[in-house]
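*Asks:* Prediction below, plus the sequence it came from.
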Amino acid sequence: MKGSDVLTRNAPERARPVGAARARVRLRWRGGVARAALYGALLVVAAIYLFPLLYLVNIALKTPQAYLLDPTGMTTSLDLSNFGDAWVRGNFAHYFGNTILYTVAATAIGVTCSLLVAFPIARGYVKWSGAWYTFFVVSIFLPGALIPQFQLMLHLHLYNTQIGYILLSSGLGIGPFMIAGYLRSIPRELDEAASIDGCGYARYLAMIVTPLIKPILVTAALLQAIGVWNDIILPTIYLSSPSYSPVSLGLFTFYGQYGNDWTVLAAAVLIVAAPLIVLFVFLQRYFMEGATAGAIK
């Protein structure tokens with residue numbers, strides 16, 4: 001009896017390590033399955049986004065005859081002459097200058113104004129800061145008032161002018177909302193310390209706050225630059241002179257009444273998109289950091 005009692009008492013103790021090992025194996029197996037499913041989903045999403053771009057590259061490298069024979073097939077030649085034809089026919093040398101001017105100026109004005117607006121709201125230095133913050137969030141979902149904007153541009157004599165288009169494109173948008181959320185991660189003790197040391201408001205924003213929130217500023221600038229660079233509605237409405245047209249309107253050159261030159265048009269689209277892709281490659285580190293706004297500084 002005593003021997004059987006000992007065996008019975010020790011049986012669960014011997015079985016416990018075996019059960020724990022099986023549980024660890026099951027957890028490891030479930031973790032592997034979940035990780036494989038996650039990577040599979042990421043690959044599917046990447047394929048969905050990359051397929052149109054790769055298809056566009058495939059068309060741009062075809063000759064017009066090869067495209068007419070097999071529009072969806074893989075190209076067997078590398079015809080780079082489409083890019084040269086697109087650059088000349090689209091007058092991109094002139095349009096790129098206008099677009100760079102609009103993008104840089106509008107982005108600089110928009111990000112600067114967003115910072116000046118977001119800082120006192122995030123710190124609560126103005127009355128009803130919560131209401132102002134809610135107002136900026138709600139304004140993101142409101143449609144653009146094209147008719148009042150058009151009338152305002154006419155009355156201010158800014159229609160068909162580069163300055164008017166820059167001011168119109170430098171809207172705040174989502175900038176104050178993003179910057180205000182990121183500023184809340186910076187302790188207010190910095191404000192008090194700077195005030196005690198005699199640092200002015202503008203100097204504090206430029207020399208202390210701006211370096212600390214560089215990721216979110218780059219993110220806001222990149223998003224606004226993409227919006228200005230790719231915009232095709234506002235320049236169509238407010239810029240009637242071809243000499244002021246941005247690069248997006250240069251794509252209309254390849255639109256024909258009875259047909260389109262699809263290979264040259266695909267090359268033109270890639271030329272227009274290439275600067276933004278290169279810009280994102282160099283700024284993606286700041287963009288990813290800005291996407292996690294609110295991290296502990």
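*Replies:* The structure has been received and is ready for your questions. Numbers count the residues shown, from 1 in each chain.
*Asks:* So which residue is dead centre in this protein?
*Replies:* Leu223 (4.1 Å; CA atoms, centre = their mean).
*Asks:* surely it meets Leu172?
*Replies:* No. Between Leu223 and Leu172 there is no contact, the gap being 11.7 Å when judged by CB atoms under 8 Å. Just so you know, the C-beta spots here come from the backbone N, C-alpha and C atoms, and that holds for glycine as well.
*Asks:* pLDDT of stretch 116-125, averaged?
*Replies:* Averaging pLDDT along stretch 116-125 yields 85.
*Asks:* whoops, stretch 58-75 was the one
*Replies:* 83.
*Asks:* can you list the domain ranges for the chain.
*Replies:* For the chain, automatic domain parsing gives the domain ranges 2-60, 91-291.
*Asks:* Contacts only, for the spatially closest residue to the residue nearest to the centre of the chain that is not a sequence neighbour.
*Replies:* In space, and not counting its chain neighbours, Leu223 is closest to Ile174: 6.8 Å by CB to CB, 6 or more residues apart in numbering. With contact set as CB atoms under 8 Å, 6 or more residues apart in numbering, Ile174 has these partners: Ile140, Ala220, Leu223.
*Asks:* list the helices and strands the one helix or strand the last one maps to packs on?
*Replies:* When secondary structure is defined using DSSP states H and E, the element that contains Leu223 is helix 214-230. Helix 214-230 sits against helix 92-123, helix 175-183, helix 262-291, with contacts defined as 3 or more CB pairs under 8 Å, 6 or more residues apart in numbering; DSSP states H and E.
*Asks:* now the first one: how far from the chain's centre is it?
*Replies:* By that I understand helix 92-123. Chain-centre distance of helix 92-123: 14 Å, with CA atoms, centre = their mean, to the nearest Å.
*Asks:* for the record, mean pLDDT for the helix or strand following that helix?
*Replies:* Heading C-terminal from helix 92-123, the first helix or strand you meet, by DSSP H and E, is helix 129-139. Helix 129-139 carries an average pLDDT of 79.
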